[in-house]
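Visitor: 3D model of this:
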Amino acid sequence: MAINPVRDNPDPEVVVVQLSPHLAAVVERLCERWGLTLSGEEPKGEWNTILAVSRRGVPCVLKIAGPEHNAIDEAIALEAWNGNGAARLLEADRDHGALLLERLDPDRTLRTTELATAAT
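Guide: Model (predicted):
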């Protein structure tokens, strides 16, 4: 994984993501600790940084709270809901305001998927 590498990426196996130096260091630590692989998609979010990642081949989302966002309250709520009506919280790092969430699939809805299948 490379975060903030040189502009031209000669190695197609290296995922290139441009982040601030502080945020890049946080992402690298979280990827190591939680066994994450960056997807290579551009980060999303205006107030938070949202990165598409995977863990053991399973698509996930790494959300790192911006300076004015309270990730602790969000983590508590998501943990209580346990995937019922919201994305499931997989991991939380309260010190960095980071949440690892299941990645929701916009193509798989309850209108197109049987309930028993969607619940798994």
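
Visitor: pLDDT weak spots in this structure?
Guide: Counting by pLDDT under 70, the ranges of the chain that qualify are 1-17, 108-120.

Visitor: what ranges do the strands span in it?
Guide: 2-3, 16-17, 36-38, 49-55, 58-64, 89-93, 98-102 (DSSP state E).

Visitor: The longest helix seen in the chain to strand 98-102, inter-axis angle?
Guide: Across the chain, the longest stretch assigned as helix under DSSP state H is helix 21-34. Taking axes from the mean of the first three to the mean of the last three C-alpha atoms, to 10 degrees, one finds that helix 21-34 is oriented at 50 degrees with respect to strand 98-102.

Visitor: Helix 21-34: how far from the chain's middle?
Guide: Put simply, helix 21-34 sits 12 Å off its chain's centre (C-alpha atoms, centre = their mean, to the nearest Å).

Visitor: Next: stretch 89-98.
Guide: Using C-alpha atoms, centre = their mean, the offset of stretch 89-98 from its chain centre is 10 Å.

Visitor: All set, thanks.
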